[in-house]
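>>> can you look at this prediction? I've put the sequence above it.
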Amino acid sequence: MDKNIIIDAFRWIVGSIDYFIYSIIEFITQGIFDLSSLRVHIGIIDSFRNRYMLFLGVIMLFKLTISFFS
């Protein structure tokens, strides 16, 4: 009788972990599909890209300056 209780508890724990992992995978997959169907104005993308490139440019300039002084 004790053996069945331990096995049932183990199955419940593993099932709960499995349910949790698949719920996360489902959430991530749904988010990816939602992002793929999102309609964004092209100006927003260009604005984001320009700010991102400016940020990367400042970081690279900082790294270059540090390497010259080293």
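Cool, got the structure.
>>> what helix or strand is the residue nearest the centre of the chain located in?
Central residue of the chain (Cα atoms, centre = their mean): I28, 8.0 Å from the mean position. According to DSSP states H and E, I28 maps onto helix 2-36.
>>> number of nearby residues for K63?
By other Cβ atoms under 10 Å, 10 other residues sit near K63. Yep, even glycine has a C-beta here, placed from its N, CA and C like the rest.
>>> do I17 as well
10.
>>> swap in G43?
By the criterion of other Cβ under 10 Å, G43 has 8 neighbours.
>>> make 44 the starting number, not 1.
From this message on, residue numbering opens at 44, which makes the last subject G86.
>>> mind checking which helix or strand it is in?
Under the criterion of DSSP H and E, G86 resides in helix 85-112.
>>> returning to that earlier point: mean confidence score for the helix holding I71?
When pLDDT is averaged along helix 45-79, the result is 91.
>>> run the chain-centre distance for that helix.
19 Å (Cα atoms, centre = their mean, to the nearest Å).
>>> now swap in stretch 82-102 and tell me
The answer for stretch 82-102 is 20 Å, by Cα atoms, centre = their mean.
>>> any idea how far stretch 74-82 is from the chain center?
With Cα atoms, centre = their mean, you get 14 Å for stretch 74-82.
>>> do you know how far I49 is from I60?
For I49, the distance to I60 equals 17 Å [Cβ to Cβ, to the nearest Å].
>>> let me know the pLDDT of I109.
Looking at I109, its pLDDT is 91.
>>> what distance do you get for it to M103?
Taking Cβ to Cβ as the measure, I109 falls 11 Å from M103.
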